[in-house]
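Colleague: pasting the structure only:
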DNA sequence: TCGTTTAGTTAACACTGTTAACCAAGCATT
DNA sequence: AATGCTTGGTTAACAGTGTTAACTAAACGA
C-alpha cells in the first residue's frame, strides 16, 4: 500500500470521526464522507469493506487509545488505592476531553453487536482486566471487601459509564453543574468499593 | 377520530415497538412497519407527522408507563429508606421485564435530542422528582448526608442506568452472572448514599 | 512493449423518508 | 335526490441511502 493510500485511509477515518460527532450518526453517509474528503463515494470501499467496517475501525481506534491512556497513567509502583483512583480518573478525563472518541466506543447498538468482530471485543476487555487486577490486589491487602473482582470491575465501569454518558448526551437537568455532578458521582462510586475506614 | 382509526394508530405503535426491539432501529423503516401492519407506507403519515414523531410517541408512552409504575409502587407511608429502595427496585424491574420499552426511552441520541419536544422532556422528569423528594426527606431525617439532593438523584439514576444498559446491551463479560451483577451493583449504589450506620 | 497492479471513476440497483395527487366511501345540507 | 366535505386510505414520484459492476488511466515489472 502506497503512502498516499495510507493518507487517504487516515483522512477518511479522521473526517468520519469528526462528522460523526458534529453531525450525528443519522446523517453520516458514505456519500457525505466522500464529499468532505473530496473523493468519490466508492473510493471509500477501496479501504473499507463496507460502512460497518469503517465504523468498527473507528471503534477499535478509540478503544485502543483509551486503553493506552489508562495503561500509561497507571503506575504499579503506586499503592492500590491510588491506582484504583487513577484508572477512574484517567477514564473520565479521556471521555470528557475526547467525547467524539469516547462516544464512538458505545456507538454500536445491540443489533449491530452481533456483527462486531470477536477479536476486537477481546481488545476492548484490556481496560477492565487492569481494573480487575487492581481490585484483586486490594482484596489481598484487605483494602476492599469484594468476593468477585471481575463483577466488581464491570460494575464500577458500568456506573461510571452511566454517569459519563448522561453528561455527554446532555440528559442532565439544566439546574445541575456538570463538573460537580461528575465529582460527586465518582466519589460515590469509589466510596462504595473501598473499605469504610478509608473514606469519609 | 373513529374507532378503527385509533385502532390503527395503536397497531402502528405496537408493531413499531416490537420491531424496534426484535430487528433493531437500523432496519426499522416506515415501509417495513407498514408492511407488517398490512397497510400502505403513507397511511402511517395520517397518524404521525413523520418518523421522528412516531418514535417520540413511543418514547413518551414508555416514560409514562415507567413513571406510573414507580408512583404506584412507592408508598409514602413507608419509611424513607424503604421508599428509596422501592424506587430503585421498581425502576430496575421495569427495565428488565420490559426491555423493549425501557430501551426506547434512551433511543434518542444527542443529535436527535434537540428535536425532542420540550414538554415531553418535562414529563420525563417526573420520575426524578419523586426520588429528589425522598432524598430531601432522608436528609431532614438525618439518614443521608447529601448537600444537593437534585444532583444526588441524577447521580443515582445515571449509575443505575449504566448498570442496566450494560446488561440489556449485552456488553457484559460472559463469565459474569447477570442477576448477581445487578444485585451487587444496586447494593453498591445505595450504599454510597445511605449513612454508614445503616448498611453492612 | 506488453501485461498487471493500483487507485480511482461513473452508472446502476434496491432501498430509504416524505410529499403530491388522487380515489372511494360516509355523511350533512340544500 | 343531488351536492360537497371529511375520513382513510391509495399510487407515483423525488431525492438521498449503501453497495456493486464495469470501466479508466497511470505506474511498474518482465
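Modeller: It's in. Since this is a predicted model, take the numbers as computed values, not measurements.
Colleague: burial of the closest residue to residue A:95 other than its chain neighbours, as a residue count?
Modeller: If you skip the residues right next to it in sequence, residue A:95 has residue A:102 as its closest partner in space, 4.0 Å away by C-beta to C-beta, 6 or more residues apart in numbering or on different chains. C-beta coordinates here come from the backbone N, C-alpha and C atoms, glycine included. The criterion is other C-beta atoms under 10 Å in any protein chain shown. On that basis, residue A:102 has 22 neighbouring residues.
Colleague: let me see the contact set for residue A:102.
Modeller: If you count contacts by C-beta atoms under 8 Å, 6 or more residues apart in numbering or on different chains, residue A:102 has them with A:62, A:66, A:94, A:95, A:96, A:164, A:168.
Colleague: just the buried members of the residues you listed?
Modeller: In the contacts of residue A:102, burial by neighbour count holds for A:62, A:66, A:94, A:95, A:164, A:168, counting by 16 or more other C-beta atoms under 10 Å in any protein chain shown.
Colleague: turn those residues into JSON lines, columns for pLDDT and distance to DNA strand D.
Modeller: Converted to JSON lines, the buried ones among the contacts of residue A:102 look like this (pLDDT from 0 to 100; distance: C-beta to the nearest atom of the strand, whole Å):
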{"residue": "A:62", "pLDDT": "95", "distance to DNA strand D": "20"}
{"residue": "A:66", "pLDDT": "96", "distance to DNA strand D": "26"}
{"residue": "A:94", "pLDDT": "98", "distance to DNA strand D": "28"}
{"residue": "A:95", "pLDDT": "98", "distance to DNA strand D": "26"}
{"residue": "A:164", "pLDDT": "98", "distance to DNA strand D": "28"}
{"residue": "A:168", "pLDDT": "93", "distance to DNA strand D": "23"}
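Colleague: of these, closest to chain B?
Modeller: Proximity of those to chain B was ranked by C-beta to the nearest C-beta; the top entry is residue A:168 with 7.3 Å.
Colleague: for the closest one, which residues are in contact?
Modeller: Contacts here follow C-beta under 8 Å, 6+ apart; on that basis residue A:168 touches A:95, A:96, A:99, A:102, A:103, B:110.
Colleague: any idea which element the residue nearest to residue A:95 lies in?
Modeller: With the criterion set as DSSP states H and E, the secondary-structure element containing residue A:102 is helix A:99-105.
Colleague: grab the nearest non-local neighbour of residue A:48.
Modeller: With C-beta to C-beta, 6+ apart as the criterion, residue A:48 has its nearest non-adjacent residue at 4.3 Å, and that residue is residue A:54.
Colleague: give me the distance between that neighbour and residue B:147.
Modeller: From residue A:54 across to residue B:147, the span is 46 Å (C-beta to C-beta, to the nearest Å).
Colleague: which residue is nearest the centroid of chain A?
Modeller: With distances taken as C-alpha atoms, centre = their mean, chain A has residue A:102 as the residue nearest its mean C-alpha position (4.4 Å).
Colleague: thought residue A:34 was touching residue A:43?
Modeller: Yes - the pair residue A:34 and residue A:43 passes the contact test of C-beta atoms under 8 Å, sitting 6.5 Å apart.
Colleague: no further queries at this time; thank you.
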